[in-house]
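>>> predicted model follows, preceded by the sequence.
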Amino acid sequence: MDIKDLKQLITIVTASDITEFEIETQEEKISIKRGSQQVVHLAAPAPVYAPAPAPVAAAPAATVDAEPAGDKITSPIVGTFYRAPAPDADPYAEVGQVVEKGQVLCIVEAMKLMNEIEAEYRCKIVKICKENAQPVEYGDPLFIVERL
């Protein structure tokens, strides 16, 4: 998690009544506790070793549900994904649309705060990975895009 996302997460926690917040991904664990002192702990989880895979028969040459190639735009926080600013409004982005750097792509609501997710570079939307009003976790892919 980069420092910008971490600061945003701390701001969200301090603006709410939450006294303790913890999130864990495969790469890191973040714990924020409120009280007389604010403490942020970051730790990498212990490596998990998977057993050796069993031999598998040859797979078919093509798969039906292959994920499209491109860069992923992921959720910086845990929350609810919204494609539009209001239920009756047009979506921010559609598949095939070219978006400019800084253009809003969607909203992720976290603790009643609406966080606009912006394009970090000019790109074309290849796939929208989440449905409207679907819960998202930190790091979940929201869009697959092609850099332009």
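Cool, the structure landed.

>>> quick check: closest non-adjacent residue to I73.
Spatially, and ignoring its direct neighbours in sequence, I73 is nearest to F143 (4.3 Å; Cβ to Cβ, 6 or more residues apart in numbering). (C-beta placed from N, C-alpha, C; glycine too.)

>>> C-terminal to the helix or strand of the chain with the lowest mean pLDDT, what's the next element?
Among the helices and strands of the chain, strand 39-43 carries the lowest confidence by mean pLDDT, DSSP states H and E, at a mean of 51. The helix or strand immediately downstream of strand 39-43 is strand 71-74, counting by DSSP states H and E.

>>> what's in contact with that following strand?
Strand 71-74 has contacts (Cβ atoms under 8 Å, 6 or more residues apart in numbering) with 105, 117, 119-120, 123, 129, 139-147.

>>> repeat for stretch 113-124
8, 12, 15, 71, 73, 75-77, 79, 82, 96-109, 142, 145-148.

>>> buried set for it?
Within stretch 113-124, the residues that count as buried by 16 or more other Cβ atoms under 10 Å are 115, 117, 119, 123.

>>> what does stretch 124-140 give?
Those would be 125-126, 128-130, 136, 138-140, for stretch 124-140 by 16+ other Cβ under 10 Å.

>>> quick one: the residue nearest the centre of the chain from I128, how far?
Geometric centre of the chain, nearest residue: S75, 1.4 Å, by Cα atoms, centre = their mean. Using Cβ to Cβ, to the nearest Å, one gets 13 Å for the distance from S75 to I128.

>>> give me the element L9 is part of.
helix 3-14.

>>> one step back: got the contact list for the residue nearest to the centre of the chain?
81, 108, 117, 136-142.

>>> contacting residues for P87?
Contacts of P87 (Cβ under 8 Å, 6+ apart): none.

>>> same thing with E22?
Taking Cβ under 8 Å, 6+ apart as the test, what E22 contacts is 29-32.

>>> from these, which land in strands?
The strands, defined by DSSP state E, take in 29-32 from the contacts of E22.
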